[in-house]
Structure formats: C-alpha cells, structure tokens
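# coords below, sequence missing:
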C-alpha cells in the first residue's frame, strides 16, 4: 500500500475505528507497541460511535485512520507491519529510528552464521537494515595475475548472495539485507565502515569453546572493539538465540561522559522488554561506587543494582558467577581507556583466566 507521506512533527491524528471487539483490542495493542518501538509519543483516539464510524465510509472494522484517511480496514496488521506503515506514512528519517543499521562481518564460518541469526532477530525487532560484510586480503607480488583477486572477490560475492537468499525468508516486513565485499585488513575495514557510515551496531561471531575468550586475546573482534566507536555485540560460538529477558551491565566506578553511552543497551532492553541487572565489584577504599546517572539513564526499563565487596575472587570469575547465578541472556560492558574492560582484556590475554559464559557480550564505548 502506498500513502501520501506527512511530517510527524505535525503530530498526526491516529484513530482506531471499531466497537470494542477482541480484534479492536488486538489492533490497539499492536499499534501502541509499534509506536513505542519507534519512540513516538502520539495519542490514539478510539472512535466507537456509529454516527462517526459512518462518516469514514468503511465497509468493516477494525480500521485505522491517520489524519482522517483510512489506511486499512477489516484486518489486524502485525506490529512489524504497523511499524513499517508508520515509517512510510510519517516519512520518518533514519535518525528518528533506533538501531536502523546493523553491520555483520562474516568469514562464512559457523560462528559468523550464528552472529547473523542474532542480527536478524534484532533487526526484526527494530525494522533494521543489515549489511553482511566480507573482507579479504591478497598477498601477492607485483607480477601476480590480477585475475586471482577477481576470482577471490567473485567467490565471496557468490557466497554472500547465497547466504542472503537463505536468510531472506526470516526477515520481517521492513527489514532488508545487503552484501558487501571489500578488500583490506578486516579490523580497519570493519571499524572504518561502521563509523563512517554510521552503523548503530556491529554483530560479530567469536570462535572457540571457552566462551568469550577470543574477544580478549588479539582476535579480529578484539581489534574492532578497540578501533571503533560503534557498539559491538560479540556472539560466542555456542550461543543459540533465545528471548533476551535478562541483561547484566558490569560497570566500574567511573562517570559516564554522556547518556548516549547506554543508548544501545536501553534500546535493546526496551524492545525486548528485558530487565537490567547492574553489577559492580568494589575495588577498594577509593571506590566511589556506580555513577548515580546510570539509575536515571535506565529509568525507562526495569533495573536493579548489585554490589560485591572486595574479595580475592578475580574480576572475570566474579562477573562469570553473577551472570550464571542470574541466568543472564546478555552481558554488557563499557569500553574506555584504563577501565574495567581494559583490565579484563589484560587479564585474559596474560593468564589462563577467561570468561566461561556462553552468552553474548555487548561492548559500549565512552
């Protein structure tokens, strides 16, 4: 369906047409959820009087009208269908929509495929555009035939197109997927593309049976985290997507430079109706505890604070234990110089100590 677009700055008038039936209630619930997902604060008026319903020249109910124009009738679109309808009709700009662009690097491995599954689930929740990216390097002398690179590139394009074709049926209305094949160092290409093209999230798979250890020991994922300003969601090889209901935010005692730091976490928690458990381990007498602004920033979602007194238990085992004890579905940390994440990076790389949790890690940047 194509509709004349209007500016949402004009505060459109949304009207539900019906008489309070079960279908009307379902349509209202779906509409309110779609509005919430787009962060649109718009009142919805219910029109139930017969005289007023007759003015709309409809043949059945329920129906939805915006600014007096009936968009559909005798059907109950899904939340994703309503979300896309609102995006089109209200002419929403990408900046108005959270999690609009998701970058998924792939080396065509099973872990990369697992990461794509997570990216699709997130994209379906937000109506996002997914970019599947493969990078390659050609090690050659000046006299090497140029056709070799062409073959490598074409093989990668063919593989990406195959993956896209296999996954398109999983995409909900409004979600799109495209492929890119770029030459260069993986870390540099991924980080530069994410930052320069303003992606909202990078979703990457990690290899190995020891949970998230690869993230902290010089892998591509590690390099991307250190060289981008875009949030990174690292997916352990053994992780299988399930409803994201409980998040753990492991945080140090430093102040956040801006509320924007936790936007990605907040958007995910709101969209998946997840609760956030904020974990902090006391590091000693100078520890000031958690930045008070965190409580205010996470006010829109259910959250709670959990403190652990200083102990001989290392940082990584402490976080591991808390994640396991609380049945968390996602672990989140904030990356900045000389902070908790850097400590974890150092410890993991220089000892046998490593994360054993098998849940995704979301790294935010400050």
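Cool, the structure landed. Since this is a predicted model, take the numbers as computed values, not measurements.
# Which element, helix or strand, includes residue 103?
Element membership for residue 103, per DSSP states H and E: strand 101-105.
# Which strands border that strand, and is each parallel or antiparallel?
strand 129-136 (parallel), strand 201-205 (parallel) (DSSP bridges).
# now it, how far from the chain's geometric center?
10 Å (CA atoms, centre = their mean, to the nearest Å).
# Then stretch 110-127?
Put simply, stretch 110-127 sits 9 Å off its chain's centre (CA atoms, centre = their mean).
# and what of stretch 76-86?
19 Å.
# Next, the buried residues of that stretch.
For stretch 76-86, a neighbour-count test (16 or more other CB atoms under 10 Å) marks 76, 77, 79, 80, 81, 82, 83, 84, 85, 86 as buried. For glycine as for every other residue, the C-beta is placed from the backbone atoms N, C-alpha and C.
# and the second one, that's in a helix?
No - under DSSP: H, G, I helix; E, B strand; the rest coil, residue 77 sits outside any helix and is assigned coil.
# from memory it sits against residue 30, does it?
Yes - counting by CB atoms under 8 Å, residue 77 touches residue 30, with 6.7 Å between them.
# so what sits against both of the two?
By CB atoms under 8 Å, 6 or more residues apart in numbering, residue 77 and residue 30 have no common neighbours.
# out of the strands paired with strand 101-105, nearest to residue 332?
strand 201-205 (12.4 Å; CB to CB).
# if we look at the closest one, which residues are touching it?
Residues outside strand 201-205 that contact it (CB under 8 Å, 6+ apart): 99, 101-105, 109-116, 118-119, 122, 190, 194, 220-221, 224, 228, 230-235, 237, 264.
# The same query, at a cut-off of 6 Å, please.
102-105, 111-112, 114-115, 118-119, 194, 221, 230-235 (CB atoms under 6 Å, 6 or more residues apart in numbering).
# and the residue lying closest to residue 75 once chain neighbours are set aside, how many neighbours?
The shortest distance from residue 75 to any non-neighbouring residue, by CB to CB, 6 or more residues apart in numbering, is to residue 62 (7.9 Å). By other CB atoms under 10 Å, the residues close to residue 62 number 25.
# Residue 242 now?
Neighbours around residue 242, by other CB under 10 Å: 9.
# which secondary structure element contains residue 86?
helix 79-89.
# Check the offset of that helix from the chain's centre.
19 Å.
# and what of stretch 156-175?
Remark: stretch 156-175 is offset 18 Å from the chain centroid, using CA atoms, centre = their mean.
# Flag every buried residue along the longest helix seen in the chain.
Counting by DSSP state H, the longest helix found in the chain is helix 146-167. Neighbour counts over helix 146-167 (16+ other CB under 10 Å) mark 153, 156, 159, 160, 163, 164, 167 as buried.
# The closest residue to residue 176 other than its chain neighbours and residue 190, how far apart?
Once flanking residues are discounted, residue 176 sits nearest to residue 129: 4.9 Å by CB to CB, 6+ apart. Applying CB to CB, to the nearest Å, the value for residue 129 to residue 190 is 17 Å.
# ditto for residue 225
Counting by CB to CB - residue 225 and residue 190 are separated by 10 Å.
# what does residue 62 give?
Distance from residue 62 to residue 190, by CB to CB: 46 Å.
# Over to residue 91?
Distance of residue 91 to residue 190, given as CB to CB: 32 Å.
# got it, and residue 326?
31 Å.
# between those two, which one's more packed in?
More neighbours surround residue 190 than the other of residue 326 and residue 190, with 27 against 16 (other CB under 10 Å).
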